[in-house]
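Novice: no letters, just coordinates:
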C-alpha cells in the first residue's frame, strides 16, 4: 500500500528569523546541487562534442553516430513520458507551481531533470542548463519547506529564493539570480520576499563556491575588456539594440506558433525528439560552434573575431536549432541560447557598420549590449537581462549606460511589436489547456 506524504502544517506562523534560516538552508542546498548538476552537464557536453568532432574528421563515423543520436532522442522521449515534469525549459513549470497552478513533485523533478539534462547536453541540443537549474532550485526549496513543516505561503517564498539561487549557480551571477527571482518568478519586491530571496542567493553563492572547489569550477563566460565607443558612433549601438529587440519579438512569435499550433502539436513527441537530436548532431559535425546551448558562440565572440560568413551561418543555425529544441520538449532552457543569439546579432550589426569605423575593438561592446537587449525583449525582464550581461562579462561601470540604453530601446521595440513575453504565453497556453 502506497502512503502519500503530506508536510506537517506548523502550529504557529513562521517567524522572520525562521524564514531567514530556512531561506539560507534552501539556498545553500540549491547552489551546491546546481553546481554539481552543471559540472556533470559540462562533462556530458565535452563527451558528446568529442564524439561529433571525431565524426567530422572521419565522415564514415556518421554511420554509427546518427543512430546513437536517434537513440538519445528515444531515451529523452521515454524519460518525458515517465516524468512529464522534466520536459521543456523548467522555468514555466516552476513559475506555474509558484503561482499555485500546479504541484511540483520534488524528487521526481530533481532526479528527472538531472537525467534529462545529461541526455540533452550529450546530444548537443541548442538548449541551456539555466532552466533546469531554476526547476531544481524550486523543487529543493519546496523540499526544504516540507522537511521544516512550513506553511504553503512561506513555502512558495522559499521556493522562489531557492530557484533564484539555482539561477545564480548556473551563471555564477548572484545579483542576476536575485533579480530574476523577483522580477520574473514572483514579479514583486515585498520586504519578506526580498529578504528571503537575497538570503537564499547568498546561501546559494556559498553553496556553489564551496562545492565548485571540488572540481575547480570555471566561470560561465570569460571576462573581457570592453572598449568605449565614441559619442558620434553611439547611434550604431542603439540601432543594434533595436534590431535585437525586433529579432527577439519575431523569435518569440515563432516559438509561440510552435507551442500553440494544433497541427504541430499533433506530431508525436518521439518523432520530434528523435529528429532534433539527429539534426543537432549533423549541424555540429559541419559547424562545431553550433553544438550546445551557445556557450561556444559566446566564448568565441568574446575572445576572437568571427567573419561575416561565420556570424550569419551560426545565427541561422542557432535560430533553427533553438526553435527545434524548444519544439521537441527536450529538457533544457532558452536563456543561454538567447544570449548567444543576441551576441551574434550584435556582431552582425557591428560588421554592417564596420565601414564607418566601428572596428573589431567594439565587438565585445556590441555583443554585451545585444545579449542584454535580446534577452530583456524576449522574456520581458529588462532589469535581469541588463544585470546578467554585465555580471557575466565583468563589464565595468562605463558599459552600464550603454547596456541600460540598449535594453530600453530593445524592450520598447518588442512592446511595439506586441509580443507576449516568452514564459507568459507558455503559462497562459498551458493553463487554457488544463481548463479544457
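Specialist: The structure has been received and is ready for your questions. Everything numeric in this text was worked out from a predicted model, so none of it was measured.
Novice: what's the average pLDDT for the helix or strand hosting residue 118?
Specialist: For residue 118, the enclosing helix or strand under DSSP states H and E is helix 106-123. In this model, helix 106-123 carries a mean pLDDT of 92.
Novice: what is it packed up against?
Specialist: helix 16-57, helix 62-82, helix 130-147, helix 269-286 (3 or more CB pairs under 8 Å, 6 or more residues apart in numbering; DSSP states H and E). Quick note: C-beta positions are derived from backbone N, CA and C, even for glycine.
Novice: that helix vs helix 16-57, what angle?
Specialist: Counting by axes from the mean of the first three to the mean of the last three CA atoms, to 10 degrees, helix 106-123 lies at 30 degrees to helix 16-57.
Novice: mind listing what's buried in helix 106-123?
Specialist: 106, 109-110, 112-114, 116-123 (16 or more other CB atoms under 10 Å).
Novice: what about that helix, distance to the chain center?
Specialist: Centre-to-centre, helix 106-123 and its host chain are 15 Å apart (CA atoms, centre = their mean, to the nearest Å).
Novice: now do stretch 279-291
Specialist: Centroid separation between stretch 279-291 and its chain, computed with CA atoms, centre = their mean, is 20 Å.
Novice: go on, stretch 147-155?
Specialist: Counting by CA atoms, centre = their mean, stretch 147-155 comes out at 27 Å from the chain centroid.
Novice: first-to-last residue distance for that stretch?
Specialist: Distance between the two ends of stretch 147-155: 11 Å, counting by CA to CA, to the nearest Å.
Novice: in that stretch, what's buried?
Specialist: Those would be 148, 150, 154-155, for stretch 147-155 by 16+ other CB under 10 Å.
Novice: one more: stretch 227-238?
Specialist: 229, 236-238.
Novice: any idea whether residue 306 is helix, strand or coil?
Specialist: Put simply, residue 306 is coil when judged by DSSP: H, G, I helix; E, B strand; the rest coil.
Novice: make sure it is actually in contact with residue 300.
Specialist: Yes. The criterion here is CB atoms under 8 Å, and residue 306 meets it with residue 300 at 6.7 Å.
Novice: with neighbour numbers in mind, choose between these two.
Specialist: For residue 306 versus residue 300, neighbours defined as other CB atoms under 10 Å are more numerous around residue 306 (21 against 16).
Novice: next one: the closest residue in space to the more buried one that isn't next to it in sequence from residue 224, what distance?
Specialist: Spatially, and ignoring its direct neighbours in sequence, residue 306 is nearest to residue 347 (6.2 Å; CB to CB, 6 or more residues apart in numbering). In this view, residue 347 and residue 224 are 14 Å apart by CB to CB, to the nearest Å.
Novice: which of these two has more residues huddled nearby?
Specialist: It is residue 347, of residue 347 and residue 224, that has more neighbours when counted by other CB under 10 Å, with 28 against 17.
Novice: tell me who's in contact with the more buried one.
Specialist: Going by CB atoms under 8 Å, 6 or more residues apart in numbering, residue 347 touches 301, 306, 311, 363, 366-367.
Novice: quick check: it vs residue 319, distance?
Specialist: According to CB to CB, residue 347 and residue 319 sit 15 Å apart.
Novice: what of residue 48?
Specialist: Residue 48 is 21 Å from residue 319, by CB to CB.
Novice: and for residue 51?
Specialist: Look at residue 51 and residue 319: by CB to CB, they are 25 Å apart.
Novice: spatially central, which residue of the chain would that be?
Specialist: By CA atoms, centre = their mean, the chain has its centre lying nearest to residue 335, at 3.1 Å.
Novice: I figured that residue hits residue 133, correct?
Specialist: No. In this structure, residue 335 is not within contact of residue 133 by CB under 8 Å, at 9.8 Å.
Novice: which residues are in contact with each of those two?
Specialist: Common neighbours of residue 335 and residue 133, counting by CB under 8 Å, 6+ apart, are absent.
Novice: now do the buried residues in stretch 181-198.
Specialist: Buried, per 16+ other CB under 10 Å, within stretch 181-198: 181-186, 193-198.
Novice: outside of that stretch itself, list whatever touches it.
Specialist: Residues contacting stretch 181-198 (CB under 8 Å, 6+ apart): 16, 19-20, 23, 91, 94-95, 98, 134, 157-158, 160-161, 163-164, 167, 178, 200-201, 379-381, 383-384, 423.
Novice: same thing but 7 Å
Specialist: Applying CB atoms under 7 Å, 6 or more residues apart in numbering, the contact partners of stretch 181-198 are 19-20, 23, 94-95, 98, 157-158, 160-161, 163-164, 167, 178, 379, 381, 383-384.
Novice: returning to what we had before: nearest to residue 40, of the contacts of residue 347?
Specialist: residue 301 (26.1 Å; CB to CB).
Novice: can you tell me the element the closest one falls in?
Specialist: Per DSSP H and E: helix 295-303 holds residue 301.
Novice: wait, what's in contact with residue 99?
Specialist: Taking CB under 7 Å, 6+ apart, one finds nothing in contact with residue 99.
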